[in-house]
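Let's see this in three dimensions:
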Amino acid sequence: MKDMQQTARVGLFFLLGLALVWVTFQTLSDGKVFHDKGYSLIAGFESLKELREGDEVRMAGVKIGSVEKTRLAGRRAEAVLHIDPQVAIKADATASIVMAGLIGTNYISIDLGTTAAATLREGAEIRTNVTPDVNTIMSDLGNLGKKLETALGSIDTALNGDGKQPGLMKNINQLVSDNHDNVTASIANFKDVSDKLNKGEGTLGKLLNDSKLHDVLVATINEIKGTATEAKSFVANAQTIVDQVKAGKGTLGALVYDDATGNDIKASVKNIREMSDKIARGEGTLGKLINDDSTLRDAQAIMKKADRALDGLGDSGPITAVGVVANGLF
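Reported below is the predicted structural model:
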């Protein structure tokens with residue numbers, strides 16, 4: 001009886017051992033005694049970031065293989081990827097090391113690439129892309145924290161000083177303290193001015209409170225606008241006249257730009273100058289009349305005779321009057 005119990009115990013332990021071996025086998029090899037043939041690709045990175053053999057290779061979130069081996073190749077690290085034979089990876093696809101979670105394992109993610117690209121073959125190298133991992137992010141956050149701490153320290157020093165020089169807040173406090181009386185007086189003055197404005201005192205107060213003054217001001221502004229409009233019209237008319245003069249139109253335009261008119265004016269001025277010179281020299285009737293005293297005296301004598309002859313016409317007839325005038329003149 002004891003032998004049978006011992007045999008049963010041994011058999012039970014044997015079965016438990018087989019179960020453990022089976023679980024281990026299922027976990028490590030997905031329950032496959034022999035791996036699929038598949039094909040291998042090489043992915044090179046600056047760092048594999050805790051990537052290990054057996055980690056998954058995924059495309060669009062679907063497992064398509066695993067990391068077969070990791071190795072150093074010169075100044076970079078390489079991961080040999082075992083890809084399922086029925087999965088085709090395009091030549092322009094890119095592999096990246098991705099973290100499965102904050103505390104999860106890493107895996108390699110491959111994008112789909114383009115349909116027009118060729119297919120990678122056995123032993124080909126796939127393009128890779130470096131993505132930040134948690135360690136890099138934490139390091140960057142640490143550096144950012146240090147920079148932020150330095151910036152905050154600088155701001156605190158600027159505000160409160162560093163013991164050698166007073167900070168901004170102390171300077172402001174000192175400025176307010178030194179000018180307290182002036183600030184108080186300024187505030188009082190401002191309050192006094194605002195009270196006067198509210199009461200309608202002064203020019204600005206009347207303007208703010210007196211509607212009639214407001215209307216007068218608006219009317220004045222409208223008159224100024226009208227005057228400005230008239231001034232613009234005057235300037236436009238003046239510009240039109242100037243344009244006409246420049247174009248040689250009108251008397252002034254012809255006078256300024258017409259050569260024939262200018263020549264005629266020059267000739268007229270020349271003739272007037274010659275005539276004045278002749279008169280000054282006593283030439284001609286007008287010149288002799290102005291410059292010769294005897295001619296003037298003769299003219300005066302004739303005028304006197306004519307005057308006397310006209311005085312004697314009172315009692316004479318027309319014929320006798322004519323004879324008297326002729327006799328008096330000649």
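
would Ser96 count as being in a strand?
Yes. Counting by DSSP: H, G, I helix; E, B strand; the rest coil, Ser96 is part of a strand.

List the residues that contact it.
Residues in contact with Ser96 (C-beta atoms under 8 Å, 6 or more residues apart in numbering) are 108-110, 128-131. Quick note: C-beta positions are derived from backbone N, CA and C, even for glycine.

Against which helices or strands is whatever helix or strand Ile224 lives in packed?
Taking DSSP states H and E as the criterion, Ile224 maps to helix 211-246. For helix 211-246, the elements it packs on are helix 202-209, helix 250-257, judged by 3 or more C-beta pairs under 8 Å, 6 or more residues apart in numbering; DSSP states H and E.

who does the residue nearest to Ala73 when sequence neighbours are not counted bridge with?
Among residues not flanking Ala73 along the chain, Gly44 sits closest, at 6.9 Å (C-beta to C-beta, 6 or more residues apart in numbering). Note on Gly44: beta-bridge partners by DSSP bridges are Glu78.

Let me see the domain layout of the chain.
Annotated domains of the chain cover 35-131, 258-291, 293-329 [automatic domain parsing].

that older thread, weakest of the helices and strands packed on helix 211-246 in terms of mean pLDDT?
The weakest mean pLDDT among the helices and strands packed on helix 211-246 belongs to helix 250-257, with a mean of 64.

how about the helix or strand just after that helix: buried residues?
Sequence-wise, the next helix or strand downstream of helix 250-257 (DSSP H and E) is helix 259-281. For helix 259-281, burial by neighbour count (16 or more other C-beta atoms under 10 Å) applies to Ile279.

Quick one: list the elements packing against helix 259-281.
helix 250-257, helix 284-291.

re earlier: out of the domains of the chain, indicate the one that is most buried.
domain 35-131 (a mean of 15; mean count of other C-beta atoms under 10 Å).

before we move on, back to that, residues in contact with the residue nearest to Ala73?
So Gly44 contacts 73, 76-78, 125, 128 (C-beta under 8 Å, 6+ apart).

Closest to Gly38 out of those?
The closest of the contacts of Gly44 to Gly38 turns out to be Glu125 (C-beta to C-beta; 16.7 Å).

That closest one reaches Ser40, doesn't it?
No. The criterion here is C-beta atoms under 8 Å, and Glu125 misses it with Ser40 at 10.6 Å.

which residue ranges form the helices in the stretch 1-150 of the chain?
2-29, 134-160 (DSSP state H, counting those that start in this stretch).

any idea of the mean pLDDT in the first one?
Averaging the model's pLDDT scores along helix 2-29 yields 71.

Over to stretch 47-63?
91.

Contacts for it, please.
For stretch 47-63, using C-beta under 8 Å, 6+ apart, the contacting residues are 28, 64-70, 77, 79, 81-83, 87, 89, 97, 105-112, 133, 135.

what's the longest strand in the protein?
strand 62-73 (DSSP state E).

Give the ranges of residues in the stretch 201-330 of the chain that sit below the confidence cut-off.
204-208, 210-211, 213, 245-262, 286-300, 306-307, 309-330 (pLDDT under 70).

quick check: mean pLDDT across stretch 69-87?
93.

same check, this time on stretch 185-199
Stretch 185-199 comes out at a mean pLDDT of 77.

The domains of the chain: which one's closest to Ile155?
Between the domains of the chain, domain 35-131 lies closest to Ile155; by C-beta to C-beta that is 33.1 Å.

what sits against the residue nearest to Met99 when sequence neighbours are not counted?
Leaving aside its chain neighbours, Met99 sits nearest to Asn106 (5.5 Å; criterion: C-beta to C-beta, 6+ apart). Contact analysis of Asn106 by C-beta under 8 Å, 6+ apart lists 49-52, 55, 97-100, 133.

Please flag which of these sit within strands.
97-99.

With respect to per-residue confidence, which of these is lowest?
Met99 (83).

With Leu20 as the reference, measure out to it.
Remark: distance between Met99 and Leu20 (C-beta to C-beta, to the nearest Å) = 31 Å.

got it, and Val67?
On the measure of C-beta to C-beta, Val67 and Leu20 end up 26 Å apart.

Show the contacting residues for Lys37.
Lys37 makes contact with Pro85 under the criterion C-beta under 8 Å, 6+ apart.

From the ones in strands among the contacts of Asn106, pick the one nearest Phe234.
For those, the nearest to Phe234 is Val98 (80.8 Å; C-beta to C-beta).

Got the confidence number for the nearest residue to that closest one once chain neighbours are set aside?
Leaving aside its sequence neighbours, Val98 sits nearest to Ser109 (C-beta to C-beta, 6+ apart; 4.5 Å). Looking at Ser109, its pLDDT reads 94.

is it true that Ser109 touches Met99?
No. Here Ser109 lies out of contact with Met99, judged by C-beta under 8 Å, at a distance of 10.2 Å.

can you tell me which residues contact Ala77?
Neighbour list for Ala77: 44-48, 70-71 [criterion: C-beta under 8 Å, 6+ apart].
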